[in-house]
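3D model of this:
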Amino acid sequence: LIGLLSSGFSSIPAYEGTQVVILSSDRDLHQLVRPNVRQFDSVNKRWTDVDSIREDNYGLRPEQLILLKAITGDGGDDIQGIKGLGPAGAAKLLAAYGYDLDAALLDENQGGVCSLGKKFASFSANRDTVRLARKLVTIPVIANYKEFLNAEEINHFIEQLGNLPGANRLGFVGRAESLELTKAT
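Have a look, this model is predicted:
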């Protein structure tokens, strides 16, 4: 749900261009960060944006973190990766294929992989593991809310949010200062 809301919220005409804040310390959600979507880790009091993700992850864009995890796995979520390939090796492998994991997986001769060195040879033997891991680590997103809601449904959704007891939830979510997030930086 976080993936669908964070990616689709700003495509609602009344909220186009709205800045979205994901309040979570879960690094798996970094793949959702975009220019209009930032993440705040309230445990470590740290903002995550596109630039900080690139700095911390070998120059990869947030959406490319899926590819990195597909290769390295995620021990916290019990997703198996390729033994011997850590984040630096996975980033090097992805760069060799122009960050196109499908091209790497379809390269029958594994010419690009073999040219990187012996430790990358296990990649070709573990293609199915990588394919499954990519599905497991990918958080579903939408490019446009119309892909899963029609105009009548979205208007009903907005109306229902406005009818919740207490403050308007959309207004509350839209004000980072009311959560004192700006002070935490």
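
now the residue most central in space within the chain: how far from residue 62?
By C-alpha atoms, centre = their mean, the chain has its centre lying nearest to residue 31, at 1.3 Å. Residue 31 is 5 Å from residue 62, where distance means C-beta to C-beta, to the nearest Å. Any C-beta I mention is one placed from the backbone N, CA and C, and that applies to glycine too.

which intervals of the protein have sub-threshold pLDDT?
10-12, 108-115, 119, 143-149, 154, 157-158, 160-185 (pLDDT under 70).

just the helices in it please.
Secondary structure of the chain (DSSP state H): helices at 2-8, 50-56, 65-72, 87-96, 101-106, 111-114, 122-125, 127-137, 151-162, 169-173, 181-184.

hmm, back to that, can you tell me the closest non-neighbouring residue to the residue nearest to the centre of the chain?
Nearest non-adjacent residue to residue 31, counting by C-beta to C-beta, 6 or more residues apart in numbering: residue 65, 4.7 Å away.

contacting residues for that neighbour?
If a contact means C-beta atoms under 8 Å, 6 or more residues apart in numbering, then residue 65 has 30, 31, 53, 57 as its contacts.

widest-spaced pair of those residues?
31 and 57 (10.4 Å; C-beta to C-beta).

quick revisit: comparing the helices of the chain, which comes out most buried?
Highest mean neighbour count among the helices of the chain (mean count of other C-beta atoms under 10 Å): helix 65-72, with a mean of 23.

output that one as CSV, restricted to C-alpha atoms.
Output in CSV follows, covering the C-alpha atoms of helix 65-72 (Å, rounded to 0.1, in the frame of the first residue of the first chain):
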residue,chain,number,x,y,z
LEU,A,65,18.1,-0.8,-5.6
ILE,A,66,15.7,-3.6,-6.6
LEU,A,67,18.3,-4.9,-9.0
LEU,A,68,21.0,-4.7,-6.3
LYS,A,69,18.9,-6.7,-3.8
ALA,A,70,17.9,-9.2,-6.4
ILE,A,71,21.6,-10.1,-6.7
THR,A,72,22.7,-9.7,-3.1
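
that one: how far from the chain's middle?
Computed by C-alpha atoms, centre = their mean, to the nearest Å, the separation of helix 65-72 from the middle of its chain amounts to 11 Å.

okay, the angle between that helix and helix 127-137?
Interaxial angle, helix 65-72 versus helix 127-137 (axes from the mean of the first three to the mean of the last three C-alpha atoms, to 10 degrees): 140 degrees.

ok, residue 35 touching residue 53?
No: Residue 35 is beyond contact range of residue 53, at 11.7 Å (criterion: C-beta atoms under 8 Å).

I'd like to know how far the residue nearest to residue 67 when sequence neighbours are not counted sits from residue 95.
Leaving aside its sequence neighbours, residue 67 sits nearest to residue 101 (C-beta to C-beta, 6+ apart; 4.7 Å). Separation of residue 101 from residue 95 (C-beta to C-beta): 12 Å.
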